[in-house]
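1. The amino acid sequence is not available; the structure is as follows:
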């Protein structure tokens, strides 16, 4: 089971990462790739860029913990998470999750789960840069609700928010 | 809203198809790519290849109908479905679904929905080629159950299976 | 009334042909009735249609259940449950 | 007891620094207690910690709720709800 977590300033190559998960093995039947992209509008106002701040050390640890959790919950054959930080312009990629499995449901569910957790638990913060200044994006309740879907009964009791 | 359905013998380029959905627009925030891959084993026995037979005319119509259904149900900004036919060897891609949306849930749900329907409703049949002969893959009840998840109350009443 | 029949996957293999044009016999009015009639046409057809549970049908490229009326159909297809994707 | 404090995003901007080392005052035993104490250190801290509902905390790089005991912590971080992904 190949699992890779990377935080980086540089762009990533989603197709290459997907190819690496398949390479040299014939048990992969499904590959799901999620790419999160910087939109040109935020709250219906055009933006110039996003700047992603993160908590080095903790961000890697949080993502790795959730990657391990995904591997425990679904029969994955490969998993790659890449999260960029720094300044990102509209149209550029922010985050990549690739999951490989023998069957599609595991690949879909694990990618969906990881994205919900990245949105709500990984210590990253998005600052919006506009012509007239900067502001911080606010967390959405919808994202918390999405992450709640994955809580197992025991985890729900101990949940920290 | 860009929607593309293609049936072809030739391989496809998932990264290119995803790039085409994003190109020239800044409202895409999420791209989900599902790739179905020919595995080297079927029912725990090694295989030499799969041959996909399809019903020309009906296959396109069925997939286009479900693509339109996906567009009706989720706020998609782009959708591409490519299904190969003919002989496909282990490790080679069989099917591609790419969905683009402003938000991740729509992109995930629509891709998941389309794959469940392709598995159970699109007129394709997989023949397994082994060293000692050929056989047809049997439909899985798990796939029917997965497709059932998406039935809306009215559709459920009229469902044909 | 003349109608084109098409067979796919193991239905095609058992029947021994991919398609044929038939003249619909009087009294055959539904897809299920057509399967009954086809099953009586010889050993290969009997084999193809022996287990209805595993046969799906389409009229003019739309999935239909066995009780569907044939009237007006130009093309009727029979095939196993689909295994695409 | 000395502990490193780290601030991120608008908590960092309001406090005016990314990190600092402090000597933990007697009587401050929980993360919530530390926030109370920090809020009393001046205008910039009062502003940063004015709405606790929007402040998250981590001890040694693990998310913790406000009632968590500080004892043994080397690094405590304060930040807004996360907006990654």
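-> Nice, I can see it. Everything numeric here is computed off the predicted structure, so don't read it as measured data.

2. quick one, helices of chain A?
-> For chain A, applying DSSP state H gives helices covering A:14-22, A:58-73, A:104-120, A:141-148, A:153-158.

3. Need those in CSV (columns: distance to chain B).
-> In short, each C-beta sits where N, CA and C put it, glycine included. CSV is the format used below for these (distance: least, CB to the nearest CB, whole Å):
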stretch, distance to chain B
helix A:14-22, 3
helix A:58-73, 14
helix A:104-120, 5
helix A:141-148, 7
helix A:153-158, 21
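
4. May I see these arranged in TSV, with distance to residue A:43 and mean pLDDT as well?
-> As requested, these are exported to TSV (distance: least, CB to CB, whole Å; pLDDT from 0 to 100):
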stretch	distance to residue A:43	mean pLDDT
helix A:14-22	27	95
helix A:58-73	25	96
helix A:104-120	17	96
helix A:141-148	14	88
helix A:153-158	31	55
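
5. And those helices: which comes nearest residue B:143?
-> Smallest distance to residue B:143 across the helices of chain A (CB to CB): 9.4 Å, for helix A:104-120.

6. coming back round to it: quick one, which of the helices of chain A is packed in tightest?
-> Highest mean neighbour count among these (mean count of other CB atoms under 10 Å in any protein chain shown): helix A:104-120, with a mean of 24.

7. contacting residues for the most centrally placed residue in chain C?
-> For chain C, residue C:78 is the residue whose C-alpha lies nearest the centre (CA atoms, centre = their mean; 4.0 Å). By CB atoms under 8 Å, 6 or more residues apart in numbering or on different chains, the residues touching residue C:78 are C:5, C:6, C:7, C:8, C:11, C:35, C:38, C:48, C:49, C:55, C:56, C:57.

8. Need those residues in JSON lines (columns: pLDDT and secondary structure).
-> Formatted as JSON lines, the contacts of residue C:78 follow (pLDDT from 0 to 100; DSSP: H, G, I helix; E, B strand; the rest coil):
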{"residue": "C:5", "pLDDT": "98", "secondary structure": "strand"}
{"residue": "C:6", "pLDDT": "98", "secondary structure": "strand"}
{"residue": "C:7", "pLDDT": "98", "secondary structure": "strand"}
{"residue": "C:8", "pLDDT": "98", "secondary structure": "coil"}
{"residue": "C:11", "pLDDT": "98", "secondary structure": "helix"}
{"residue": "C:35", "pLDDT": "98", "secondary structure": "helix"}
{"residue": "C:38", "pLDDT": "98", "secondary structure": "helix"}
{"residue": "C:48", "pLDDT": "98", "secondary structure": "helix"}
{"residue": "C:49", "pLDDT": "97", "secondary structure": "coil"}
{"residue": "C:55", "pLDDT": "97", "secondary structure": "coil"}
{"residue": "C:56", "pLDDT": "97", "secondary structure": "strand"}
{"residue": "C:57", "pLDDT": "98", "secondary structure": "strand"}
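
9. Show me how to select, in ChimeraX, the buried members of the residues you listed.
-> Command for ChimeraX, covering only those of the contacts of residue C:78 found buried under the criterion 16 or more other CB atoms under 10 Å in any protein chain shown:
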select /C:5,6,7,8,11,35,38,48,49,55,56,57
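
10. a markdown table for the contacts of residue C:78, including distance to chain B?
-> Output for those, formatted as a markdown table (distance: CB to the nearest CB, whole Å):
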| residue | distance to chain B |
| --- | --- |
| C:5 | 13 |
| C:6 | 7 |
| C:7 | 10 |
| C:8 | 6 |
| C:11 | 9 |
| C:35 | 15 |
| C:38 | 18 |
| C:48 | 13 |
| C:49 | 16 |
| C:55 | 12 |
| C:56 | 8 |
| C:57 | 9 |
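
11. Of the contacts of residue C:78, just say which sits nearest to residue A:53.
-> In terms of CB to CB, no member of those lies closer to residue A:53 than residue C:56, at 55.3 Å.

12. about what we covered before: looking at the contacts of residue C:78, which is nearest residue B:37?
-> Using CB to CB, residue C:8 comes nearest to residue B:37 of the contacts of residue C:78, at 23.6 Å.

13. Next up, the contacts around the residue nearest to the closest one when sequence neighbours are not counted.
-> Once flanking residues are discounted, residue C:8 sits nearest to residue C:79: 3.8 Å by CB to CB, 6 or more residues apart in numbering or on different chains. By CB under 8 Å, 6+ apart, the contact set of residue C:79 is B:55, B:123, B:125, C:7, C:8, C:9, C:11, C:12, C:55, C:56, C:57, C:58.

14. distance of the first one from residue D:47?
-> Right, the one you point to is residue B:55. Distance of residue B:55 to residue D:47, given as CB to CB, to the nearest Å: 67 Å.

15. Which part of chain C gets nearest to chain A, residue-wise?
-> residue C:85 (7.9 Å; CB to the nearest CB).

16. That residue touches residue B:118, doesn't it?
-> Yes. Assessed by CB atoms under 8 Å, residue C:85 is found in contact with residue B:118 at 3.8 Å.

17. picking that back up, wait, is the residue nearest to the centre of chain C part of a helix?
-> No. Residue C:78 sits outside any helix when classified using DSSP: H, G, I helix; E, B strand; the rest coil, being strand.

18. Using the three-state scheme, assign the nearest residue to residue A:139 once chain neighbours are set aside.
-> Closest residue to residue A:139 apart from its sequence neighbours, by CB to CB, 6+ apart: residue D:81 at 3.5 Å. Secondary structure for residue D:81, judged by three-state DSSP, is coil.

19. where does chain A come near chain D, residue by residue?
-> Selection of chain A residues close to chain D by CB under 8 Å from any CB of the partner chain yields A:36, A:52-55, A:57-59, A:61-62, A:83, A:94-95, A:115, A:118-127, A:136-139, A:143, A:160-161.

20. Narrow the residues you listed to just the buried residues.
-> Buried by 16+ other CB under 10 Å: A:36, A:52-55, A:58-59, A:61-62, A:83, A:94-95, A:115, A:118-127, A:136-137, A:139, A:143, out of the residues of chain A next to chain D.
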